[in-house]
Every structure is written in C-alpha cells, then in structure tokens.
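K.L.:
sequence unavailable; structure follows:
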C-alpha cells in the first residue's frame with residue numbers, strides 16, 4: 001500500500017512539474033504538434049495506402065515503362081482534370097494496389113478456399129481496369145458538358161461580334177456565366193490570349209479539347225482574328241450545334257424507355273403472381289373439400 005502511494009505521488013508530481021515547465025517555457029502541446037503535422041488535413045485511408053504502396057509503384061514504373069503516346073495523352077487528361085500526380089505514378093500505383101489485392105487473395109488457398117482466391121484476383125483485375133478507365137470517363141463527362149454549352153457560347157459570340165471584334169473581352173465576359181468544365185478551359189485561354197499570340201492560344205485550346213465542334217469554332221475565330229467577316233459562318237455553326245444537341249437529347253431519351261419497359265415487365269409479372277397465387281390456393285382448397 002505504501003509503495004502504491006509513493007508511485008501515485010511520483011506520477012502526479014511529474015505531471016504537475018511537466019505542466020509548469022510547459023507553461024513557463026511555452027512548450028507546444030501534443031494537440032498543437034498533431035495540428036501542425038496535419039495542417040493540410042488528416043490523411044484518409046486511401047492516402048495512407050498510396051504512401052505505403054509508393055516504393056512498389058516506383059519499382060513497377062521502372063520495370064514497366066509507359067509508352068510515349070499514352071503518357072502524352074494522360075498528361076493532357078490530367079491537366080484538364082487538374083490532377084497533380086504524374087501519369088506514370090498514377091498507373092503504377094493502381095497496378096501495385098491490384099497486385100497487393102491479388103497477393104492477399106492467395107492467403108485463402110491454405111485455408112481451403114481456392115475459389116475465393118480466384119474471385120479476389122478477378123476483383124483486383126477489374127479494379128485496375130476500372131481505375132484506368134476512370135480518367136477517360138471523367139474527361140468524356142467534361143466534353144459532354146462543354147458540347148452542351150457550345151451552342152449558347154456561339155450564339156453569344158455572334159451577337160458580340162456585331163459590335164466588337166475583341167475576342168479577349170468577349171471571353172472575359174463570358175467566363176463569368178460559363179459552366180465549370182468550359183470555365184476551366186477559358187481561364188487558360190484568357191491567360192494565353194493576354195501573354196501570347198491569339199491564334200496560337202486558340203489552336204492550343206483546340207488541341208487540348210480535341211472536339212470536332214470546337215475545332216470548327218477555332219477555325220472561325222482564327223478567321224475573325226485575320227479580319228474575315230464570319231457572322232454568317234457562325235450562324236450556320238450555331239444551327240449545326242443546336243441540331244446536334246437535339247439529336248443527343250433524343251438519343252438520351254430513347255435510352256430511358258428501355259429501362260422503363262424492363263421495370264414495367266417485372267411489375268406486371270409480380271402483379272400477375274399476386275392475383276394468381278390466391279386463386280390457385282382457392283381452387284386447391286375447393287378440390288380438397290370436394291374429396292379430389
């Protein structure tokens with residue numbers, strides 16, 4: 001009992017002495033140290049996993065180098081999506097994650113569940129291909145959003161060119177009302193228009209987007225920059241874009257009835273069963289009562 005009292009007294013005295021020293025010398029507390037370490041936010045599970053897989057990803061990037069064409073394509077996509085990570089590091093990390101999942105699946109073989117190991121390997125393969133296709137799907141979503149906004153921008157541009165041919169002024173004004181996808185591209189375009197040749201800036205944004213409709217608009221704007229009257233061409237382009245937008249909306253609407261038909265078919269079958277089952281049971285009960 002005396003020993004316990006001495007230990008407790010020593011611990012309390014040490015804690016008090018530490019608090020007094022911390023107050024006198026203005027030492028940082030544990031919470032302050034953790035806050036400084038996590039000043040950009042606490043790392044999530046995905047970020048911690050990427051940190052662990054980083055050495056394996058670097059090894060994979062050296063063993064399996066990426067082709068120059070694929071790297072350039074991914075660099076353009078990453079630039080549009082504002083992803084800081086390099087394409088080589090991204091692909092290598094996804095491959096390392098898939099390999100780690102497949103290796104974990106091998107642990108089920110000694111446990112006598114080989115089919116679960118096979119399923120884990122398939123899941124790892126699917127996760128790798130899904131992660132590689134995720135970037136392309138995001139870029140396609142951006143392209144669809146830009147194409148949906150192009151008719152409005154072309155119409156506004158056509159009205160604007162009737163009074164003023166200053167393209168920089170037009171893009172600066174339109175940027176205030178543009179969508180998120182097109183707005184990011186217009187920010188880069190405005191900077192290039194201010195710092196360099198306007199025709200080169202237009203060619204650069206056309207190369208980044210790679211959209212046929214925007215390529216036609218770029219050719220028209222280059223003609224405007226050279227002093228050519230392009231109002232009629234802009235009107236024709238606007239009509240073409242409107243027609244294309246209506247066709248896209250029509251195709252999207254045609255895809256929805258297919259889902260509705262499937263749901264209606266399932267609902268019809270369920271309603272038939274709901275009415276048929278009591279009727280069949282009633283017939284069976286009558287037959288049993290009649291002695292059949």
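P.N.:
Happy to help now that I have it. Just so it is clear, the model here is predicted, and its values are computed rather than measured. Numbers count the residues shown, from 1 in each chain.
K.L.:
give me the helix or strand of the protein that scores worst on average pLDDT.
P.N.:
In the chain, no helix or strand scores lower on mean pLDDT, DSSP states H and E than helix 30-37, which sits at a mean of 50.
K.L.:
wait, isn't residue 154 in contact with residue 236?
P.N.:
No - taking contacts as C-beta atoms under 8 Å, residue 154 lies outside contact range of residue 236: 10.1 Å. Where C-beta positions appear, they are placed from N, C-alpha and C, glycine not excepted.
K.L.:
show me what contacts residue 125?
P.N.:
Contact partners of residue 125, counting by C-beta atoms under 8 Å, 6 or more residues apart in numbering, are 98, 102.
K.L.:
can you read off the pLDDT for it?
P.N.:
Residue 125 is assigned 81 on the pLDDT scale.
K.L.:
sec struct for it, please.
P.N.:
helix (DSSP: H, G, I helix; E, B strand; the rest coil).
K.L.:
how close does it get to residue 115?
P.N.:
To residue 115, residue 125 is 16 Å away according to C-beta to C-beta, to the nearest Å.
K.L.:
how does this protein divide up, domain by domain?
P.N.:
Recorded structural domains for the chain (assignment: automatic domain parsing) are 45-140, 143-247.
K.L.:
now do the helices in this structure.
P.N.:
With helices called from DSSP state H, the chain shows them at 2-25, 30-37, 45-63, 68-81, 87-105, 114-161, 167-175, 180-195, 198-209, 212-225, 231-290.
K.L.:
rank those by pLDDT, which is bottom?
P.N.:
Among the helices of the chain, helix 30-37 has the lowest mean pLDDT, at a mean of 50.
K.L.:
who's in contact with the residue nearest the centre of the chain?
P.N.:
Centrality entry for the chain: nearest residue to the mean C-alpha point is residue 138, 4.9 Å, by C-alpha atoms, centre = their mean. Residue 138 sits next to residue 81 when contact means C-beta under 8 Å, 6+ apart.
K.L.:
circling back: so which of the domains of the chain gets nearest residue 273?
P.N.:
Of all the domains of the chain, it is domain 45-140 that lies closest to residue 273, at 33.3 Å by C-beta to C-beta.
K.L.:
how close does the closest residue to residue 183 other than its chain neighbours sit to residue 127?
P.N.:
Leaving aside its sequence neighbours, residue 183 sits nearest to residue 175 (C-beta to C-beta, 6 or more residues apart in numbering; 6.0 Å). For residue 175, the distance to residue 127 (C-beta to C-beta) stands at 38 Å.
K.L.:
and for residue 101?
P.N.:
As judged by C-beta to C-beta, residue 101 and residue 127 stand 7 Å apart.
K.L.:
same thing with residue 109?
P.N.:
Note on residue 109: its distance to residue 127, by C-beta to C-beta, is 20 Å.
K.L.:
show me the contacts for the closest residue to residue 142 other than its chain neighbours.
P.N.:
Using C-beta to C-beta, 6+ apart and skipping residues adjacent in sequence, the residue nearest residue 142 is residue 181, 4.4 Å away. Applying C-beta under 8 Å, 6+ apart, we find residue 181 in contact with 141, 142, 143, 145, 146, 149.
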